[in-house]
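**Q** only the shape, not the letters, is given here:
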């Protein structure tokens, strides 16, 4: 009988009492897959190499996977990250070890794009202040004309990045009759043309946009991409939205700009430090809407991420290349190719 294909799930997928952290992550397809054994790891952050010595695949939630997490056995073939951000994974270490890193773009594309629109509408509609006014009864109602919202027809939205999520944002915004601009050095020009997006320089996004949205991955090149100098280019009536990763924005610089009312406001689902220090100045501001890196968290988002990870793992088990591989160079690695051949022979291609 062929040895089983063993799949590890990082320990944060379970609560202390053993119940699932996210019940919408349906594991039945994995449990019922012929030849698959599934096991939760002990909670460890970052993961330890010895935890993974006897596994073929890892489904990873929030725990870190670094160079010290790579098992010496050489058995681990794939790390399937739950979501699209992979700044918690040492990609170079994975590639060096012949391990494919997989993400789940299909699971987050729509939920994150909807989150950006949620923040855009809340900011331009002055939702938070109007909520506060309403709770003040007659006193608040008397001041409602002081907080006029901003219409969106003809306004310009600029995105830093038009990949998976950025492109979906523009698709959803079509009926809003807005002007679309974006900066993305890796942009698919055909996609930009199809969606009516004008590709512009980085500084032009900040100068021209009424709403600037951050939809690029966190890399050494994008760290503090949104800095004091670029924030200074924004219109005083403009808004900044970040649903990507906190360190893409220089938060101290943004806090200063918001304190001095040099832009109209910001919507942030991500912060440089998560969770933030309770005394962080940005928490005290009334011209920023904050969410705990969870605005896109819905039943559909988590079901989609989970299904994509399970599908990727089962593809590898059957000797096939899964969707969403980040480190494409690993696909030419002799060790990776040999693993796929062996899996295909054992479990059927």
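**A** Now that the structure is in, tell me what you want to look at. Because the structure is a prediction, the values reported are computed rather than measured.
**Q** the stretch 51-200 of the chain: helices as residue ranges?
**A** Secondary structure of the stretch 51-200 of the chain (DSSP state H, counting those that start in this stretch): helices at 91-96, 105-124, 127-135, 138-141, 164-173, 189-195.
**Q** how long is stretch 276-291 from one end to the other?
**A** 11 Å (C-alpha to C-alpha, to the nearest Å).
**Q** what's that stretch in contact with?
**A** Contacts with stretch 276-291, where a contact means C-beta atoms under 8 Å, 6 or more residues apart in numbering, come from 115, 119, 122-123, 127-129, 251, 254-255, 258-259, 261, 264-269, 271, 273. (Glycine included, C-beta is placed from N, CA and C.)
**Q** try 7 Å
**A** 119, 122-123, 128, 251, 255, 258-259, 265-269 (C-beta atoms under 7 Å, 6 or more residues apart in numbering).
**Q** pLDDT on it, on average?
**A** When pLDDT is averaged along stretch 276-291, the result is 97.
**Q** would you mark the buried spots in it?
**A** 276, 280, 282, 285, 287, 288, 289, 290, 291 (16 or more other C-beta atoms under 10 Å).
**Q** from residue 39, how far out is the fourth one?
**A** Distance check for residue 285 against residue 39: by C-beta to C-beta, to the nearest Å, it reads 45 Å.
**Q** with residue 289 instead?
**A** In terms of C-beta to C-beta, residue 289 sits 40 Å off from residue 39.
**Q** closest to residue 149 out of the helices of the stretch 51-200 of the chain?
**A** Within the helices of the stretch 51-200 of the chain, the stretch nearest residue 149 is helix 105-124; the backing value is 5.8 Å (C-beta to C-beta).
**Q** what average pLDDT does the closest one get?
**A** On average, the pLDDT along helix 105-124 is 96.
**Q** helices of the stretch 201-349 of the chain, residue ranges please.
**A** Going by DSSP H, counting those that start in this stretch, the stretch 201-349 of the chain shows helices at 202-208, 228-231, 251-259, 299-317, 334-347.
**Q** residue 309 is nearest to which of the helices of the stretch 51-200 of the chain?
**A** Taking the helices of the stretch 51-200 of the chain one by one with C-beta to C-beta, helix 105-124 is closest: 8.2 Å.
**Q** mind listing what's buried in that closest one?
**A** 105-120, 122-124.
**Q** check stretch 184-195 too.
**A** Buried residues in stretch 184-195 (16+ other C-beta under 10 Å): 184, 187, 191, 192, 195.
**Q** what's the answer for stretch 220-235, then?
**A** Buried, per 16+ other C-beta under 10 Å, within stretch 220-235: 222, 225, 226, 230, 231, 233, 234, 235.
**Q** first-to-last residue distance for that stretch?
**A** Terminal-residue distance, stretch 220-235 (C-alpha to C-alpha): 27 Å.
**Q** what's in contact with it?
**A** The contact list for stretch 220-235 (C-beta under 7 Å, 6+ apart) reads 160, 203, 206-207, 210, 212, 214, 216, 247-250, 253-254, 257, 263.
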